[in-house]
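J.: coords please:
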Amino acid sequence: MADTKISALSAASLAAMANEIPINEAGTTKKITLTQVSTLLAPFSIVPSGNFGLSAASGVQSAFPTTGDVWTFAANTAYFFEGFYDISTGSTTTKTIALAFAAAGGGSITSCKYFAIGQKVAINTTGTTQSSCAVDTNASTVILPTGTETRSWIHFKGILRMNAAGTITPQINFSANPGGTNTMNVNSYIRFTPIGSDTTNIAGPVG
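T.: Prediction:
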């Protein structure tokens, strides 16, 4: 293919070239646009603007409504994640509350590690005892121990490294049926931010 003189290119062509970035993937160099880069690196999240009804049941269940409970993750990619759950349960049934992140759709996780803190305490009330847990699995793990309180919160942050592409569903798990009306309350949220490949050690101008 003959070389093209810069003078022969249109302004649109030059603009397109300026917005392309060469990357190396499996030994092959290709170009992606800045728009694609922005999409790949943009965080994704759900922040319900109203209460979401949770099931009156024990066992794992989706933490968010079907409009945002199953997220598609890329292969060989690492993600920071953070969330805050404000949970109301319908009775004083004794129970623990656990977190989980279910992989499906062919997705497999290289590693997962996060820390979580929480309390079983009424909203706008200062609690004196917090629970905390460092977790290195996506499987259901108890964060809040046995208690009878009807209002709880959990804040968590961590990193998830994906091997194969697939989906992740954020979940919660009551150890016993809470009974009554149960909700993930308004403005609870979770956010995932891609940071690079699943073997990423450094992101940014560090050296």
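J.: just for this structure, where's the confidence low?
T.: Counting by pLDDT under 70, the ranges of the chain that qualify are 1-41.
J.: all helices of it, in order?
T.: 11-18, 34-41 (DSSP state H).
J.: residues near the residue nearest to residue 175 when sequence neighbours are not counted, how many?
T.: Of all residues not flanking residue 175 in the chain, residue 96 sits nearest, at 4.2 Å (C-beta to C-beta, 6 or more residues apart in numbering). For the C-beta atoms, the positions are set from N, CA and C on the backbone; glycine is no exception. Residues near residue 96, counting by other C-beta atoms under 10 Å, number 16.
J.: ok, now residue 120?
T.: Residue 120: 23 neighbours (other C-beta under 10 Å).
J.: Spatially nearest residue to it (excluding sequence neighbours)?
T.: Using C-beta to C-beta, 6+ apart and skipping the chain neighbours, the partner closest in space to residue 120 is residue 149 (3.6 Å).
J.: For the one you found, which residues are in contact?
T.: Taking C-beta atoms under 8 Å, 6 or more residues apart in numbering as the contact definition, residue 149 lies against 92, 120, 121, 122.
J.: So what's the gap between stretch 87-98 and the chain middle?
T.: For stretch 87-98, the gap between its own C-alpha mean and the chain's C-alpha mean amounts to 23 Å (C-alpha atoms, centre = their mean, to the nearest Å).
J.: buried ones in it?
T.: By neighbour count on 16 or more other C-beta atoms under 10 Å, the buried set for stretch 87-98 is 87, 88, 89, 93, 95, 96, 97, 98.
J.: What residue spans form the domains of this structure?
T.: What the record gives for the chain is the domain set 6-36, 43-197, from automatic domain parsing.
J.: want to try CSV for the ones you listed, with distance to residue 204 as columns?
T.: Conversion of these to CSV gives the following (distance: least, C-beta to C-beta, whole Å):
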stretch, distance to residue 204
domain 6-36, 16
domain 43-197, 9
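J.: Mean neighbour count, the ones you listed: which tops it?
T.: Most buried of the domains of the chain, by mean neighbour count (mean count of other C-beta atoms under 10 Å): domain 43-197, with a mean of 17.
J.: Pull the distance from that domain to the chain's centre.
T.: Distance of domain 43-197 from its chain centroid, counting by C-alpha atoms, centre = their mean, is 9 Å.
J.: before we move on, the earlier item: correct me if wrong: the residue nearest to residue 175 contacts residue 148.
T.: No - checked against C-beta atoms under 8 Å, the pair residue 96 and residue 148 is beyond contact range at 11.4 Å.
J.: thinking again about what came up before, gap between the residue nearest to residue 120 and residue 89?
T.: Distance of residue 149 to residue 89, computed by C-beta to C-beta, to the nearest Å: 8 Å.
J.: just residue 44 next, same as before
T.: From residue 44 to residue 89 the distance is 28 Å (C-beta to C-beta).
J.: now swap in residue 172 and tell me
T.: For residue 172, the distance to residue 89 (C-beta to C-beta) stands at 11 Å.
J.: Which among the domains of the chain is found nearest to residue 207?
T.: Closest approach to residue 207 among the domains of the chain (C-beta to C-beta): domain 43-197, 15.5 Å.
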